[in-house]
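Asker: Coordinates for the following, if possible.
(one chain, ligands or ions: 1)
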Amino acid sequence: MLRVDTSCVFVQCDSMTLPSTPTVRRGSTPLPIKHQLRREEAVHDDGDWTSGAAGASPSPLSFSPALDDPPIVSVEGRRDGPLRIALLGQNGVGKSSLALAFAGDIDRTASVDSDGEGYVHTVSVDDEESTIIIYDNWRQDLSALQCEVCVLVFSVTDRRSFHRTAQLRLLLRETQPQTPIILVGNKSDLVRSREVTAQEAMSSAALYNCLYLEISASLDHRTPELLESAVRLARGLPPWPPGSSAEDMCGGGQRESITTRAKRFLTNLMPRYPREREVGKFLRQKSRSCHDLGAL
Ligand SMILES: Nc1nc2c(ncn2[C@@H]2O[C@H](COP(=O)(O)OP(=O)(O)OP(=O)(O)O)[C@@H](O)[C@H]2O)c(=O)[nH]1
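Answerer: Here you go, the predicted structure:
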């Protein structure tokens, strides 16, 4: 057991009740999604499925308000006691690094818990203190997880880890449909190795009506925003600061429908006519200079 500092202490997870499962299933009855996924994991995956499964512009990307609906906020509202935040995702995506960034301890050895189920930490968000428990190493059945917020982490440098978060969201939506989810793309500092674009991650988050944040746990970039959003959601509040809105978090402007956003995205991809004309002009000038060179 490694040393644990006073702000981060080891806690045991509660023993949870498993949801009742039907005892008899007809051969023609499709398997529930979670069982299908587990089977898929067993066949295709070399990692565990619970912890492993269960671009800088107008901010690559801060908050992505999903679709036209507000993100899911726990209907149970505010809970007494510590707020539980679970970090889930494939191995190596940076969950432990993120937990340590949350725990506010730069000296990693000081707060790593070798038995590690979770870290307890006190945070102040919106002038209010809350005790949080961060689970970064959930190895039990996902249906046994009880938490106020799930943070699904992938690495922007690993497409497979991104697909894993989609599987996890399906499982979570089945077992705990009301638990708010935040999708997090970590390792945004590794720009050259990027495999998942911010746009596709945002679109994916929009499909599941959850927030998307892109961070670098190593550089502590945007981790405070993530923590604050998680705490607000855990309190049963919208993730943005009081008095602001999703639009404010995204840099202002009118809220766009997904169609409008898709159009804008495609428009940015396509060369515009005037720009094309400029390029053509530029090329013609170049070819003239080549011609001149040939004359020499
Ligand atoms: N460049 C970069 N590396 C990171 C970042 N976050 C984590 N890493 C590195 O990624 C590796 C895996 O990080 P971990 O925090 O152990 O990942 P994990 O998801 O907890 O992994 P498991 O414990 O195996 O599930 C480590 O070498 C980290 O230093 C990041 O934001 N940027």
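
Asker: Strands of this protein, residue ranges please.
Answerer: 83-89, 118-125, 128-135, 149-155, 181-186, 211-214 (DSSP state E).

Asker: mean pLDDT for the ones you listed: which is lowest?
Answerer: Between the strands of the chain, the one with the least mean pLDDT is strand 118-125; it has a mean of 84.

Asker: Can it be said to contact the ligand?
Answerer: No. Applying Cβ under 6 Å from any ligand atom, one finds strand 118-125 out of contact with the ligand, separated by at least 12.6 Å. Bear in mind the C-beta positions are built from the backbone N, C-alpha and C, glycine included.

Asker: can you pull the buried residues of that strand?
Answerer: For strand 118-125, a neighbour-count test (16 or more other Cβ atoms under 10 Å) marks 118-121, 123, 125 as buried.

Asker: And these, which is closest to Arg173?
Answerer: Closest approach to Arg173 among those (Cβ to Cβ): Gly118, at 23.0 Å.

Asker: quick one: the closest one and Tyr208, what's the gap?
Answerer: Counting by Cβ to Cβ, to the nearest Å, the gap between Gly118 and Tyr208 amounts to 25 Å.

Asker: is it true that Gln146 touches Arg84?
Answerer: Yes. Look at Gln146 against Arg84 with Cβ atoms under 8 Å: they come within range, at 6.7 Å.

Asker: Name the residue in those two with the higher neighbour count.
Answerer: Each of Gln146 and Arg84 had its neighbours counted (other Cβ atoms under 10 Å), and the higher figure belongs to Arg84 (22 against 14).

Asker: residues contacting the more buried one?
Answerer: For Arg84, the set of contacting residues under the criterion of Cβ atoms under 8 Å, 6 or more residues apart in numbering consists of 118, 132-133, 135, 146-149, 234.

Asker: next one: Ala217
Answerer: With Cβ under 8 Å, 6+ apart as the criterion, the residues that contact Ala217 are 94, 97-98, 100-101, 186-187, 223.

Asker: check these against the ligand, which are close?
Answerer: When Cβ under 6 Å from any ligand atom is taken as the criterion, the members of the contacts of Ala217 that contact the ligand are 94, 97, 186-187.

Asker: Neighbour-wise, give me the winner out of these.
Answerer: Result: Asn186 is most packed of the ones next to the ligand among the contacts of Ala217 (other Cβ under 10 Å), 31 neighbours.

Asker: Now do the phi/psi pair for the residue lying closest to it once chain neighbours are set aside.
Answerer: Taking Cβ to Cβ, 6 or more residues apart in numbering as the measure, Asn186 lies nearest to Gly94, with 4.2 Å between them; neighbours along the chain are not counted. Phi and psi for Gly94, reported as degrees, to the nearest 10, are phi 110, psi 30.
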